[in-house]
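Asks: Sequence and predicted structure, then a few things I'm wondering about:
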Amino acid sequence: MDILKKLSIVAFTVLFALGMAACEKQSGAEEAGEKVDDTVTEMGNAVEDACEDVKEKAGAEDQDC
């Protein structure tokens, strides 16, 4: 085997190993953080929906919040 082929195989193996290491299961803190993010997003959407409902019932021209 020539040196370029050997280096290519080594590089591929290293990249594959790093990729697999990056696919580990999330920790509890990461899961909790995602739940907090989801909750905040849902709350923001609910507030925006409520604001739009109020504007619609009030007959406002611009109903976007």
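Replies: That came in fine, so what should we check first?
Asks: roughly how far out does the host helix or strand of T13 sit from the chain middle?
Replies: Element membership for T13, per DSSP states H and E: helix 3-21. Taking Cα atoms, centre = their mean, to the nearest Å, the mean C-alpha location of helix 3-21 is offset from the chain mean by 28 Å.
Asks: who touches it?
Replies: Outside helix 3-21, no residue is within contact range by Cβ atoms under 8 Å, 6 or more residues apart in numbering. The way it works is simple: take the backbone N, C-alpha and C, and place the C-beta from them, glycine included.
Asks: Ok, stretch 35-48 next?
Replies: Identification of contacts with stretch 35-48 by Cβ under 8 Å, 6+ apart yields C65.
Asks: Show the average pLDDT along it.
Replies: Here stretch 35-48 scores 92 as its mean pLDDT.
Asks: Residue numbering should commence at 39 henceforth.
Replies: I'll keep to 39 as the first residue from here, and by that count the last item is stretch 73-86.
Asks: gap between it and the chain center?
Replies: With Cα atoms, centre = their mean, you get 14 Å for stretch 73-86.
Asks: pull the CA atoms of it into PDB?
Replies: Output of stretch 73-86 as PDB, limited to C-alpha atoms (Å, rounded to 0.1, in the frame of the first residue of the first chain):
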ATOM      1  CA  LYS A  73     -37.600  20.800  28.100                       C
ATOM      2  CA  VAL A  74     -37.200  24.300  29.500                       C
ATOM      3  CA  ASP A  75     -36.600  25.600  26.000                       C
ATOM      4  CA  ASP A  76     -39.700  23.800  24.700                       C
ATOM      5  CA  THR A  77     -41.800  25.200  27.600                       C
ATOM      6  CA  VAL A  78     -40.600  28.700  27.100                       C
ATOM      7  CA  THR A  79     -41.400  28.500  23.300                       C
ATOM      8  CA  GLU A  80     -44.900  27.100  24.000                       C
ATOM      9  CA  MET A  81     -45.600  29.800  26.500                       C
ATOM     10  CA  GLY A  82     -44.500  32.500  24.000                       C
ATOM     11  CA  ASN A  83     -46.700  31.000  21.400                       C
ATOM     12  CA  ALA A  84     -49.700  31.000  23.800                       C
ATOM     13  CA  VAL A  85     -49.100  34.600  24.800                       C
ATOM     14  CA  GLU A  86     -48.900  35.600  21.100                       C
END
